Every structure is written in structure tokens, then in C-alpha cells.
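>>> Predicted model and sequence below, questions to follow.
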Amino acid sequence: MSRITDSDVPDRELAEWEAALTINVGASYVCRECGNLVMVTRGGVGVLDLQCCGKPMEKVAAKEKAS
């Protein structure tokens, strides 16, 4: 296992890190293998590593409403 050094981490402000690591309520994820769907019901800040069928789940993009 390799070690993470300061040069490996992007230089960001705290607000940028919080935005990048925010887990939003309502975000949906799908397993492309079996079709399992997961929706976030409690948000927070952290790393969300959803796995199903031994593979990472993919975030589902929200569809835009027609005006």
C-alpha cells in the first residue's frame, strides 16, 4: 500500500473540500449488475463508497424537468 503525501492532495480551501465531500439527501445510485437502487435519506460530509455485486454503484443523474 502506498502512502499519501501532501503533494498527492489537491490544494483546496475548506469550503471546496466540504462541497466535494458532501453527501446530498435524494442522491440516487444504481447497480448496473442487478439493478438495485439506493437513495440517500440522511446526508452528511464524508466518503460514500456504495458497492453491490462486488462492484461500485453508479450515481444516477437527475433528469431535468421540461418548462
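Structure's in. What do you need? Residues are numbered from 1 along each chain as shown.
>>> Just give the number of residues close to Arg32.
Neighbourhood size, Arg32 [other C-beta atoms under 10 Å]: 12. Heads up, the C-betas are built off the backbone N, CA and C, glycines and all.
>>> any idea how far Gly46 is from Gly26?
Gly46 sits 17 Å away from Gly26, going by C-beta to C-beta, to the nearest Å.
>>> Okay, now the unreliable bits of this protein?
1-2, 4-10, 63-67 (pLDDT under 70).
>>> And the strands in it, which stretches?
Under the criterion DSSP state E, strands of the chain are mapped to 22-23, 28-30, 37-39, 44-45, 51-52, 55-56, 58-60.
>>> Out of those strands, flag the one nearest Leu14.
Closest to Leu14 of the strands of the chain is strand 44-45 (C-beta to C-beta; 11.1 Å).
>>> The closest one - contacts with which helices or strands?
Here strand 44-45 touches strand 22-23, going by 3 or more C-beta pairs under 8 Å, 6 or more residues apart in numbering; DSSP states H and E.
>>> if you set the cut-off to 10 Å instead, what comes out?
helix 14-21, strand 22-23 (3 or more C-beta pairs under 10 Å, 6 or more residues apart in numbering; DSSP states H and E).
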